[in-house]
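Undergrad: here is the input, now give the coordinates:
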Amino acid sequence: MSIRVENLSKIYGQQKAVNNLTFKVNSGEIVGFLGPNGAGKTTTMKILTCFIPPTFGKAFINDLDVEENSIEVRRQIGYLPEHNPLYMDMYVKEFLSFVASTYQIKQTQKRVQEMIELTGLQVEQKKKIGQLSKGYRQRVGLAQAMIHNPSVLILDEPTSGLDPNQIIEIRNLIKTIGKDKTVMLSTHIMQEVEAMCNRVMIINKGNIVADGNPAELKQSFKKQLELMISFGTPLTNEQINQLNAFGNVKAIDDLSFVINSDMNEQILKKELFNFAVNHQNTISEMKVNESTLEDLFKNVTQ
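TA: The predicted structure is shown next:
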């Protein structure tokens, strides 16, 4: 068990930032840790990485208590904070060598070069960090988080500031790393979660409100069938009213409608086909709108 959290709470004055969280993350899992701003994501990550203590409860990294064994825990985790702290006047290789020395890594230069190649920093490796774009600074942050080969990676907004091509590269890198490490990452980009993560935890107001496989969660929180239909000719007001027999109808224009229904998908499609035939109309398009991670997120956090 790589990460274990038991009844974890963090209170600031009258505000409860984290409320009695309990969860486990196994080795090899890539977990997307989602939530609105102020939900408690960063606070939880800071507790796991020994930056702040919990008010109540316990957190363990590889069965090590983050409060009682903080030095050893830090050796076993790699952390990329939301606001990536870097020494702007240091050169890329110089900075990574410095970080490697703090972990007492043997063959420092070899390991630094491995990280530069792994994170795609070859072209920029001889520049000062202050001269780099935000995307390349993020790569430097990822390199320093991984340089000591930790078993657990905790990444707060790892693709922040990257262009689409860089996002794909970092996404593939994280997926590769996640095969033999535990990765816990926060992001507001739902496409990133679906592309990288095999598990999603959503936190809201300090509480976990959803936890599981992304596809299964989307299906379980989908309360109604949503179907879009387009007719060949416009419907009359009377015909539109008749559509309401199949569910809640929302007009897109005079030809197209979205129907939210409790009916079975195949039965609904058959009834709509019969409806069109009975009114001497045709159907030019009919499709079910699949539930998205955004739908799930809004459902459990609003």
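
Undergrad: beta partners for residue 16?
TA: Beta-bridge partners for residue 16, by DSSP bridges, are residue 11.

Undergrad: got the contact list for it?
TA: Taking CB atoms under 8 Å, 6 or more residues apart in numbering, we find residue 16 in contact with 9-10, 206. No exception for glycine: its C-beta is placed from N, CA and C like everyone else's.

Undergrad: got the confidence number for it?
TA: Listed pLDDT for residue 16 reads 88.

Undergrad: I'd like the distance between it and residue 280.
TA: 62 Å (CB to CB, to the nearest Å).

Undergrad: also residue 10?
TA: Counting by CB to CB - residue 10 and residue 280 are separated by 65 Å.

Undergrad: higher neighbour count, the two?
TA: residue 10 (22 against 8; other CB atoms under 10 Å).

Undergrad: so, low pLDDT: which residues of the stretch 101-250 of the chain?
TA: For the stretch 101-250 of the chain, the stretches flagged by pLDDT under 70 are 221-223.

Undergrad: mind listing the strands in it by residue range?
TA: Applying DSSP state E, counting those that start in this stretch to the stretch 101-250 of the chain gives strands spanning 152-156, 182-186, 199-204, 207-212, 225-231, 248-251.

Undergrad: can you list the domain ranges for the chain.
TA: 3-212, 221-301 (automatic domain parsing).

Undergrad: which of these is buried the deepest?
TA: domain 3-212 (a mean of 18; mean count of other CB atoms under 10 Å).

Undergrad: ends of that domain, how far apart?
TA: End-to-end distance of domain 3-212 (CA to CA, to the nearest Å): 16 Å.

Undergrad: next one: it to chain centre, how far?
TA: How far domain 3-212 lies from its chain's middle: 12 Å, per CA atoms, centre = their mean, to the nearest Å.

Undergrad: can you offset everything so residue one is 22?
TA: Fine by me, first position is 22 from now on; the one you just mentioned is domain 24-233.

Undergrad: nearest to residue 175 among the contacts of residue 37?
TA: residue 31 (15.9 Å; CB to CB).

Undergrad: if I read this right, the closest one contacts residue 68, doesn't it?
TA: Yes - counting by CB atoms under 8 Å, residue 31 touches residue 68, with 6.5 Å between them.

Undergrad: could you tell me which residues touch both of the two?
TA: What both residue 31 and residue 68 touch, as defined by CB under 8 Å, 6+ apart, is the set 39, 75.

Undergrad: what are the contacting residues of the helix or strand hosting residue 278?
TA: Applying DSSP states H and E as the criterion places residue 278 in strand 277-282. With CB under 8 Å, 6+ apart as the contact definition, strand 277-282 has outside contacts at 245-252, 261, 264, 267-273, 289, 293, 306, 310.

Undergrad: let's see that with 6 Å instead.
TA: 245-251, 267-272, 289 (CB atoms under 6 Å, 6 or more residues apart in numbering).

Undergrad: just want the angle from the helix or strand that that strand is followed by to strand 246-252.
TA: Beyond strand 277-282 on the C-terminal side, the first helix or strand identified by DSSP H and E is helix 286-299. Helix 286-299 and strand 246-252 meet at an angle of 20 degrees, taking axes from the mean of the first three to the mean of the last three CA atoms, to 10 degrees as the criterion.

Undergrad: can I get the CA coordinates of helix 286-299 in CSV?
TA: Extracted C-alpha coordinates of helix 286-299, given in CSV (Å, rounded to 0.1, in the frame of the first residue of the first chain):
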residue,chain,number,x,y,z
GLU,A,286,-32.6,3.6,-25.0
GLN,A,287,-33.9,1.0,-27.5
ILE,A,288,-37.5,1.6,-26.5
LEU,A,289,-37.1,5.4,-26.8
LYS,A,290,-35.5,5.2,-30.2
LYS,A,291,-38.3,2.9,-31.4
GLU,A,292,-41.0,5.2,-30.0
LEU,A,293,-39.4,8.2,-31.7
PHE,A,294,-39.2,6.4,-35.0
ASN,A,295,-42.9,5.6,-34.8
PHE,A,296,-43.6,9.2,-33.8
ALA,A,297,-41.9,10.4,-37.0
VAL,A,298,-43.7,7.9,-39.2
ASN,A,299,-47.1,8.8,-37.7
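
Undergrad: need the mean per-residue confidence for that helix.
TA: 91.

Undergrad: one more: stretch 81-99?
TA: 94.

Undergrad: CA-only coordinates of it in CSV, if you can.
TA: Output of stretch 81-99 as CSV, limited to C-alpha atoms (Å, rounded to 0.1, in the frame of the first residue of the first chain):
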residue,chain,number,x,y,z
PHE,A,81,1.1,7.0,5.7
ILE,A,82,3.5,6.7,2.7
ASN,A,83,4.7,3.1,2.2
ASP,A,84,3.5,2.4,5.8
LEU,A,85,5.6,5.3,7.2
ASP,A,86,3.7,7.9,9.3
VAL,A,87,4.2,11.3,7.6
GLU,A,88,4.5,13.0,11.0
GLU,A,89,6.7,10.5,12.8
ASN,A,90,9.0,9.6,9.9
SER,A,91,8.9,12.8,7.8
ILE,A,92,12.6,12.6,6.7
GLU,A,93,12.3,9.0,5.4
VAL,A,94,8.9,9.8,3.8
ARG,A,95,10.5,12.7,1.9
ARG,A,96,13.1,10.3,0.5
GLN,A,97,10.3,8.1,-1.0
ILE,A,98,8.1,10.8,-2.6
GLY,A,99,8.5,13.2,-5.5
